[in-house]
Structures are given as C-alpha cells and as structure tokens.
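Colleague: Got a sequence here, can you model it:
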Amino acid sequence: MALHKCPKCELNYIREGEDFCEVCKREMKRAQTHIRHSEEESEDDEVVLCSECGEAPAVRGGELCIACLKEKKRQVELENASTVPADDEFDDDDLLEDEEDLDAEEE
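Modeller: Got it, this is the predicted structure:
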C-alpha cells in the first residue's frame, strides 16, 4: 500500500486506488450542492417582461405588469358600466305604471 499526494490539493496523502483525499472530496461535494441550489434559485428569479408594454416586469405567475393589470381592470369596468342602460333609456311611462301598481297594492 503506497501513499501518494492528492492530485487536487497536493497536500494530503491518499492510498493507492483513491482519487482524492477526504478534504477535497468534502469540498467538491459542497461545491456541487451550492451549484445545484444556485441553479434552482436562478430559475425562480427569472424576470419575465410584461406582454402588453414590454417594459416592466410581469407579476409573478402572470403575463402583465401592475400598471397594465390596473388598466385592463379599468377597461373591463368601463365596458361593464356601458352595458347598463342609462337613465334616459328608461321609458317614463313604464316608471309611472310601476308607481301606479305600487299605489294600487298599498290600498
């Protein structure tokens, strides 16, 4: 059983048949774990730009930024408001008939 120096650090001695000393093995294992964690974090931190304006980052799990989401919500509310008939679209005669029906029911 001959001993020779570790090829990585050239400080520690290892037995014949071993690739690296225990210190270098631990260091390499720690480095691999760190690389895996940093890859996972970089996937989570990927910035996606807004598909509408293309300038601001999109909210997490969405395609639009905050400003574009607010604008879209405002547009939907305006569209919904325009579908409600305006006061001048009601027929005054219908309103008078409804009031007469209520008065008749009260008597």
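Colleague: give me the low-pLDDT residue ranges for the chain?
Modeller: Within the chain, the stretches with pLDDT under 70 are 1, 37-45, 84-107.
Colleague: where along it do the helices fall?
Modeller: 22-44, 66-83, 92-106 (DSSP state H).
Colleague: residues touching residue 53, list them.
Modeller: 65, 67, 68 (C-beta atoms under 8 Å, 6 or more residues apart in numbering). In this view, the C-beta of every residue, glycine as well, is placed from N, C-alpha and C.
Colleague: okay, stretch 3-19 in PDB with CA atoms only?
Modeller: Extracted in PDB, the C-alpha atoms of stretch 3-19 (Å, rounded to 0.1, in the frame of the first residue of the first chain):
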ATOM      1  CA  LEU A   3       0.700   6.500  -0.400                       C
ATOM      2  CA  HIS A   4       0.900   9.400  -2.800                       C
ATOM      3  CA  LYS A   5      -0.200  13.100  -2.700                       C
ATOM      4  CA  CYS A   6      -3.800  14.100  -3.600                       C
ATOM      5  CA  PRO A   7      -3.800  15.400  -7.200                       C
ATOM      6  CA  LYS A   8      -6.100  18.300  -6.300                       C
ATOM      7  CA  CYS A   9      -4.600  19.900  -3.300                       C
ATOM      8  CA  GLU A  10      -1.100  18.200  -3.300                       C
ATOM      9  CA  LEU A  11      -1.000  18.500   0.500                       C
ATOM     10  CA  ASN A  12      -2.700  15.400   1.800                       C
ATOM     11  CA  TYR A  13      -1.700  11.800   1.200                       C
ATOM     12  CA  ILE A  14      -4.100   9.200  -0.100                       C
ATOM     13  CA  ARG A  15      -3.900   5.500  -0.600                       C
ATOM     14  CA  GLU A  16      -3.400   3.900  -3.900                       C
ATOM     15  CA  GLY A  17      -6.800   3.400  -5.700                       C
ATOM     16  CA  GLU A  18      -8.400   6.600  -4.200                       C
ATOM     17  CA  ASP A  19      -8.900   9.600  -6.400                       C
END
